[in-house]
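>>> Give me coordinates for this.
(chains A and B)
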Amino acid sequence: MEIINFDPVNAYVGGLMLGGSAMMLYLLRGDVAGINGMLTGIIKPIKGEVSWRILFLVGLVLGGLLYRGYGGALETLEPAVDGYWVVLAGLLVGIGATFGSGCTSGHGICGISRWSIRSIMATVTFMASAVVTVFIIRHVVGG
Amino acid sequence: MKSIISLLTGIMFGAGLCISGMVNPMKVINFLDISGTWDPSLGLVMGGGLTVMIIANLIGRRMNRPMYAEYWRLPTRDKLDTQLIVGSAIFGIGWGVGGFCPGPALTAIAYSNSTMLLGVGAYAVGAVLASFIRTGMQKSAVEKRIASA
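As a prediction, the model looks like this:
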């Protein structure tokens, strides 16, 4: 094992911002900052439940644009895969997070912080399956 | 006011994902590659998020209701089931292949990287499709219960 690109300050500051965002959403509006739930919530036409989710998701992209506009250190993205593989990855993320009732934000941050057993188990499961997947791709198939 | 909160929290979340580096798929893959070239940074992203949210929950417990809403809207299910575990396992495989989860995927639109846009599109299709199937499954389960009662 070799440790690379370790950037604890930016990672922690970014994490505090995610927490701050989730905190405001929770204490001001009573809502959970689960990104997958925001997206799937949009397609269920329940009155009063659509526009706030769209605004949040638009905000995500605006946040990215502001970061880039104000000279953020990360100038370009490095995709891990392309072609059919990126499509497969996207489909699995969408299908899995929806059937699993949440993703890294909803389970990993919001759910765990209120000690939800479902969120703790979901987070342990997707972390483990992601680590195993990377291990197989990089060290078994790619090794 | 409630709409402004949604937009502002979204901006803060998106910027946080960029500053932390989590929006970059390669950084995520290196975070998950614990036996190879390991980049532990993203563990601190979760740590930072949890630090604030654990405090938020302590504050929330002392409040009768959210500041601008009538009640808290938290998930109601509290038992483990197969869907939760199998779904999470599938999500993890996708995360490990592509290096992006829902938040960073959507935030990545800001970079208009064609490969990532393809991934985001596939993610949205997968989520929407699964959501329809899941709603259908829940409906038929309820109908079965009514029919057998």
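
>>> so who does residue 118 touch?
Just so you know, I chose chain A. If you count contacts by C-beta atoms under 8 Å, 6 or more residues apart in numbering or on different chains, residue A:118 has them with A:101, A:107, A:111, B:75, B:77, B:78, B:79, B:80, B:84. Where C-beta positions appear, they are placed from N, C-alpha and C, glycine not excepted.

>>> Correction: the question concerned chain B.
For residue B:118, the contact set (C-beta under 8 Å, 6+ apart) comprises A:82, A:86, A:87, A:90.

>>> Keep only these that also lie close to chain B.
Filtering these for neighbours of chain B using C-beta under 8 Å from any C-beta of the partner chain leaves A:82, A:86, A:87, A:90.

>>> show me the contacts for residue A:21.
Residues near residue A:21 by C-beta under 8 Å, 6+ apart: A:33, B:9, B:10, B:12, B:13, B:16.

>>> Find the residue at the geometric middle of chain A.
Taking C-alpha atoms, centre = their mean, the centroid of chain A lies closest to residue A:104, which sits 4.6 Å from it.

>>> The helix or strand of chain A with the lowest mean pLDDT - contacts with which helices or strands?
When each helix and strand of chain A is scored by mean pLDDT, DSSP states H and E, strand A:2-3 comes last, with a mean of 90. Judged by 3 or more C-beta pairs under 8 Å, 6 or more residues apart in numbering or on different chains; DSSP states H and E, the packing partners of strand A:2-3 are strand B:37-38.

>>> The strand it packs on packs against which elements?
Counting by 3+ C-beta pairs under 8 Å, 6+ apart, strand B:37-38 packs on strand A:2-3, helix B:25-32.

>>> Of these, which shows the lowest average pLDDT?
Ranked by mean pLDDT, those end with strand A:2-3 at the bottom, a mean of 90.

>>> Would you confirm that the residue nearest to the centre of chain A contacts residue B:102?
Yes. Counting by C-beta atoms under 8 Å, residue A:104 sits close enough to residue B:102 to count as a contact (7.5 Å).

>>> hmm, back to that, so among the ones next to chain B among the contacts of residue B:118, which ones count as buried?
Among the ones next to chain B among the contacts of residue B:118, those classed as buried by 16 or more other C-beta atoms under 10 Å in any protein chain shown are A:86, A:87, A:90.
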